[in-house]
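**Q** Pasting the sequence and the predicted model now:
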Amino acid sequence: MPQQTAVEKESLIPAQPLPASAQEFAGRLHGLLDGQPKDEATVAQAFNGMDDILDKIAAGLYSIASMLVGEGEDSIHVVETAVETADVAACDSPLAARKNSRRALCAAALDLLSRRDAANLAAPQGLEHAATCIGDDELDSAGVSSEELERIIAGPDRDRVRTWLESLPTVLRAIFVLRAVAGFTTPETTDLLRTHGGPQAGGWTDDAVRELFRQGLCSLASQVLQAASH
């Protein structure tokens, strides 16, 4: 079994196992990137039988995109941008390719959110520590396991979580999805916000990201516990 990266270990939701065909897919992709021109028939032959994994890649990217920017055409455009810009040629494993694809996707989503409104991802001013049900950014400290979190996000209660996400301020939703779903570390999330959050996002700090993430976790913990009690 491939060793998990530090990013995946920090993700609150256990990373979904890659399909058995992922390594084969990566091998075929690298075979096309040898610097030689390829005709359409050669490319089609290389990807013959790979429809299943391509569908899974697209579905996974769309799921994250829709959490960030909403369902519909905007999410489709974000996925298309990620496919066009993701640096997968230099990746030495399917796990690295997934990380780079998610980075390209989240960058495109943040760019879109900042274009919608420059204040959407503005760095907070004078942010103070809020008294929440969570003392740090570990969900277990609120009495909710990562398995429960995975169930409520991907299981029968996912519509409830979608509604909860949509109720959050844009920046809080973005930080939660980047950290808890896409699996980025706090410094990586800070860098994505600074780089792609628009003209008012240059002041983001790791401490601010951690603080807002804690607030999001506490809000979700309430949702999980309510769902468990029904």
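**A** Yep, that arrived. Predicted, not measured: the structure shown is a model, and the values here were computed from it.

**Q** Please make it C-alpha for all contacts and neighbour counts, starting now.
**A** Noted.

**Q** now the helices for this protein?
**A** With DSSP state H as the criterion, the chain has helices at 6-10, 22-32, 40-46, 51-69, 73-85, 94-116, 146-154, 158-167, 170-176, 186-196, 206-228.

**Q** Worst mean pLDDT among those?
**A** Note on the helices of the chain: lowest mean pLDDT is at helix 6-10, with a mean of 41.

**Q** Count the neighbours of G203 for me.
**A** By the criterion of other C-alpha atoms under 10 Å, G203 has 14 neighbours.

**Q** which non-adjacent residue is nearest it?
**A** Spatial nearest neighbour of G203, excluding adjacent residues (C-alpha to C-alpha, 6 or more residues apart in numbering): A123 at 5.3 Å.

**Q** Distance of R102 relative to E211?
**A** 23 Å (C-alpha to C-alpha, to the nearest Å).

**Q** so who does A201 touch?
**A** L121, A122, A123, L193, R194, T195 (C-alpha atoms under 8 Å, 6 or more residues apart in numbering).

**Q** repeat that for 7 Å
**A** By C-alpha atoms under 7 Å, 6 or more residues apart in numbering, the residues touching A201 are L121, A122, A123, L193, R194.

**Q** got the residues you listed as a markdown table, with neighbour count and distance to L172 columns?
**A** Listed next are these as a markdown table, based on neighbours: other C-alpha atoms under 10 Å; distance: C-alpha to C-alpha, whole Å:
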| residue | neighbour count | distance to L172 |
| --- | --- | --- |
| L121 | 27 | 9 |
| A122 | 20 | 11 |
| A123 | 23 | 11 |
| L193 | 30 | 12 |
| R194 | 21 | 15 |
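
**Q** Name the nearest of the residues you listed relative to E84.
**A** Distance to E84, by C-alpha to C-alpha, is smallest for L193 among the contacts of A201, at 20.7 Å.

**Q** for that closest one, what are its contacts?
**A** When contacts are counted by C-alpha under 7 Å, 6+ apart, L193 touches A201, W204.

**Q** separation between L121 and G72?
**A** Counting by C-alpha to C-alpha, the gap from L121 to G72 is 21 Å.

**Q** repeat for L95
**A** Distance of L95 to G72, computed by C-alpha to C-alpha: 27 Å.

**Q** just L61 next, same as before
**A** L61 sits 13 Å away from G72, going by C-alpha to C-alpha.

**Q** out of these two, which sits in the more crowded spot?
**A** L61 (24 against 11).

**Q** quick one, what contacts the nearest residue to the more buried one once chain neighbours are set aside?
**A** With sequence-adjacent residues excluded and distances taken as C-alpha to C-alpha, 6+ apart, L61 is closest to V79, at 6.3 Å. V79 makes contact with L61, Y62, L105, according to C-alpha under 7 Å, 6+ apart.
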